[in-house]
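Need coordinates for the below:
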Amino acid sequence: MWKKVAAISSALLLSSLATAADPRIEASKAYLYVGKSVMACGTLVEINHLPNRHYMNFDKKYPNHTLTALIWNKDYRWFENRYGKIDNYVGSRFCVIGKVAQNQNYLQINVTNPQFLRLVTN
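Predicted structure coming up:
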């Protein structure tokens, strides 16, 4: 019981620290923040499921997307535990917290913890 309470407390603390320190930007502005940690928000328009990874594309479909949230297969179940089938959220607005990286000509944030992916409800 105490382990669960400690884990939840740690996750909430990490979550609040991440949002307090990271600037909140639109996913379309991610190119200005390569190498920096941000909270990037945009509309989830497409999810591409590959054998070992999942790409959540924001604002436009591949190859014209503004930003991708990359979730590796080993972590994906944690996201489904939190949100259910993520494909049901296409068209919804999400914020993703992490470091913007450039992979080939595309921008992405590698997300390993569902605390760093937020559904925007307003």
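
And the helices in this protein?
Assigned by DSSP state H, the chain shows helices spanning 2-21, 73-83.

Distance of the most centrally placed residue in the chain relative to Ser28?
Nearest to the geometric centre of the chain sits Val96, at 3.3 Å (C-alpha atoms, centre = their mean). In this view, Val96 and Ser28 are 13 Å apart by C-beta to C-beta, to the nearest Å. All C-beta atoms are positioned from the backbone trio N, CA, C, and that covers glycine.

what's the overlap in contacts for these two?
By C-beta atoms under 8 Å, 6 or more residues apart in numbering, Val96 and Ser28 have these common neighbours: Leu67.

For the longest strand anywhere in the chain, buried residues please.
If you go by DSSP state E, the chain has its longest strand at strand 37-50. Within strand 37-50, the residues scored as buried using 16 or more other C-beta atoms under 10 Å are Val38, Met39, Ala40, Cys41, Gly42, Thr43, Leu44, Val45, Glu46, Ile47.

If you count neighbours, what's buried in stretch 52-72?
For stretch 52-72, by 16+ other C-beta under 10 Å, it's 54-60, 65-71.

which one of those residues sits closest to Val120?
Nearest to Val120 out of the buried residues of stretch 52-72 is Phe58 (C-beta to C-beta; 11.9 Å).

which residues touch the nearest residue to the closest one once chain neighbours are set aside?
The shortest distance from Phe58 to any residue other than its chain neighbours is 3.5 Å, reached at Gly42 (C-beta to C-beta, 6 or more residues apart in numbering). Applying C-beta under 8 Å, 6+ apart to Gly42 gives the contacts Glu26, Ala27, Ser28, Phe58, Asp59, Thr66, Leu67, Arg93, Phe94.

With Ala101 instead?
Per C-beta under 8 Å, 6+ apart, neighbours of Ala101: Val34, Gly35, Leu107, Gln108, Ile109, Asn110.

repeat that with 7 Å
Gln108, Asn110 (C-beta atoms under 7 Å, 6 or more residues apart in numbering).

Look up the residues forming beta bridges with it.
For Ala101, the beta-bridge partners are Gln108 (DSSP bridges).
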